[in-house]
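K.L.:
Quick one: sequence plus predicted model below, questions after.
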Amino acid sequence: MPATAPAAKPGNYRWRVCAMLLAATTINYVDRQVLGVLAPYLQQQIGWNEIEYGYIVTAFQAAYAIGLLCAGAIVDRYGSRIGYAIAIGVWSLAAMSHALAAGVVGFALARFALGLGESGNFPAAIKTVAEWFPRRERALAVGVFNSGSNIGAILAPLLVPLIAARWGWQAAFLFTGLLSGTWLAVWLLWYRTPDQQRRLSATELAYIRSDPPEPTARVPWRRLLRHRQTWAFVAAKFMTDPIWWFFLFWLPKFLHAEYGLSLLQLGPPLIVIFVAADVGSIAGGWLAGRLIRQGWSANRARKGAMLLCALAVVPIVFAARADHLWVAVALIGLATAGHQGWSANVLTLPSDLFPRPAVASVVGIGGFAGAVSGMMIATFIGFLLQATGSYVPVFLMAGSAYLLALVVVHLLVPRLAPAALNADADADADAEPGARTPL
């Protein structure tokens with residue numbers, strides 16, 4: 001009996017695409033983290049108080065929320081190539097505009113513009129993953145590119161203090177804007193969808209398309225909002241995104257206030273914290289994929305990984321009272337690892353639960369909810385710290401948010417069953433005979 005020929009390897013061109021998404025997300029987080037790293041220094045130089053800093057952060061969050069209302073729909077309409085280009089073009093100019101700011105209003109306006117542009121990153125990146133990866137690899141791909149948020153948060157405290165000390169704080173914002181512009185040029189010259197990419201082998205294209213066929217028609221929001229699957233993603237983002245925003249924008253201030261760290265001393269603790277987050281991002285996506293390959297259902301594997309990540313965040317409740325800097329760093333690092341592992345799985349839910357044409361829109365809706373929640377928390381933290389100077393309530397909230405969010409997700413989608421969008425379309429057609437389906 002002749003031996004069976006080994007299956008052809010599918011190739012790895014899709015991972016080059018993932019590397020571009022990783023680079024974009026890294027730049028995205030360097031851009032937004034510059035202010036957080038410089039906040040203790042700028043607060044002394046410009047003279048804003050905790051409430052005013054909260055308003056500056058809220059301006060970013062408000063624009064991010066507004067942008068996400070449109071970003072997903074824009075990416076779904078124009079595609080990931082053009083949609084991503086629009087987003088990164090806007091945020092590149094906005095990042096550099098910080099160098100012109102001279103007070104609270106100027107920084108708030110620059111942050112607002114940055115939030116509008118940066119809102120397009122995750123809808124575009126997740127749609128690109130849905131186009132380039134089969135379902136079984138998406139959590140890992142999301143985990144890889146989402147690790148860029150941690151790499152960016154590592155690079156910022158390494159580069160920003162050095163640039164600011166050498167050439168002034170304005171140079172730090174100009175430098176990160178130029179990074180964004182460079183990525184944009186490469187993206188427009190190089191990126192194409194799988195069907196249009198001539199360098200992609202037929203074997204790898206077949207591998208990418210190995211999942212069952214999905215609908216190709218665009219899906220209006222009113223149909224998406226009918227489904228529990230949409231609200232499960234919205235709830236997960238609303239309840240946990242603000243914790244990550246807190247890590248980005250307040251950790252340098254926390255370390256400065258509690259342990260007296262200077263601008264140049266902030267680097268090592270922040271690097272340790274966000275290296276841990278990077279490990280958590282990749283490990284969280286890898287774990288869910290490994291469990292699925294071992295025969296677990298997608299529902300059990302995804303929620304099992306999310307539970308483990310949620311438990312990793314719980315010890316952060318002790319960080320605000322830690323007697324030693326590195327004890328606090330260890331607790332916060334474990335929490336950031338848990339958050340990013342959680343996010344790698346949560347960000348995969350839209351592509352698990354919805355067809356490709358709806359993915360960016362669902363991500364936009366959920367991201368809007370997370371940004372609104374982050375905006376509310378930013379203002380709350382500003383008033384809280386101005387009144388009490390205590391971070392204890394914030395860390396208590398962080399430690400409990402993920403387990404509560406997982407309970408809500410499980411109640412809304414107990415089996416992670418995909419949304420029945422085709423049934424909606426049929427019902428709409430029966431209810432409105434002869435009417436056109438809205439775009």
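P.N.:
Yep, that arrived.

K.L.:
mind checking which helix or strand the nearest residue to S97 once chain neighbours are set aside is in?
P.N.:
Spatially, and ignoring its direct neighbours in sequence, S97 is nearest to A110 (4.7 Å; C-beta to C-beta, 6 or more residues apart in numbering). For every residue, glycine as well, the C-beta is placed using N, CA and C. In this structure, A110 sits in helix 104-118 according to DSSP states H and E.

K.L.:
Residues touching that helix, excluding its own?
P.N.:
28, 31-32, 35, 42, 46, 48, 52, 55-57, 59-67, 87-95, 97-98, 100-101, 371 (C-beta atoms under 8 Å, 6 or more residues apart in numbering).

K.L.:
Could you look up the next helix or strand downstream of it?
P.N.:
Next along the chain after helix 104-118, taking DSSP H and E as the criterion, comes helix 121-132.

K.L.:
Buried residues in the helix or strand following that following helix, which are they?
P.N.:
Following helix 121-132 in sequence order, the next helix or strand is helix 135-146 (DSSP H and E). Neighbour counts over helix 135-146 (16 or more other C-beta atoms under 10 Å) mark 135, 137-146 as buried.

K.L.:
could those be laid out in a markdown table, adding pLDDT?
P.N.:
Output for these, formatted as a markdown table (pLDDT from 0 to 100):
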| residue | pLDDT |
| --- | --- |
| R135 | 79 |
| E137 | 85 |
| R138 | 83 |
| A139 | 75 |
| L140 | 82 |
| A141 | 88 |
| V142 | 82 |
| G143 | 78 |
| V144 | 85 |
| F145 | 88 |
| N146 | 79 |
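
K.L.:
Could you export the residues you listed as a markdown table, including distance to V413?
P.N.:
Formatted as a markdown table, the buried residues of helix 135-146 follow (distance: C-beta to C-beta, whole Å):
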| residue | distance to V413 |
| --- | --- |
| R135 | 16 |
| E137 | 21 |
| R138 | 17 |
| A139 | 16 |
| L140 | 21 |
| A141 | 22 |
| V142 | 18 |
| G143 | 21 |
| V144 | 25 |
| F145 | 24 |
| N146 | 21 |
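
K.L.:
Closest one of those residues to A312?
P.N.:
G143 (14.9 Å; C-beta to C-beta).

K.L.:
Report the separation between the closest one and G36.
P.N.:
To G36, G143 is 23 Å away according to C-beta to C-beta, to the nearest Å.

K.L.:
Same check on F175?
P.N.:
Noted for F175: a distance of 16 Å to G36, by C-beta to C-beta.

K.L.:
Please say which of these two ends up with more neighbours.
P.N.:
Neighbour count, other C-beta atoms under 10 Å: between F175 and G36, G36 has more, with 23 against 20.

K.L.:
quick one, what contacts the more buried one?
P.N.:
156, 248-253.

K.L.:
Per-residue pLDDT of the residue nearest in space to the middle of the chain, please?
P.N.:
In the chain, the residue lying closest to the centroid (C-alpha atoms, centre = their mean) is F122, at 5.7 Å. On pLDDT, F122 comes in at 85.

K.L.:
What distance do you get for it to S210?
P.N.:
On the measure of C-beta to C-beta, F122 and S210 end up 25 Å apart.

K.L.:
count of neighbours near K253?
P.N.:
K253 is flanked by 19 other residues according to other C-beta under 10 Å.

K.L.:
Relative to A124, how far out is it?
P.N.:
Per C-beta to C-beta, K253 is found 31 Å from A124.

K.L.:
do G11 as well
P.N.:
On the measure of C-beta to C-beta, G11 and A124 end up 23 Å apart.

K.L.:
host element of G364?
P.N.:
With DSSP H and E as the test, G364 turns up in helix 356-388.
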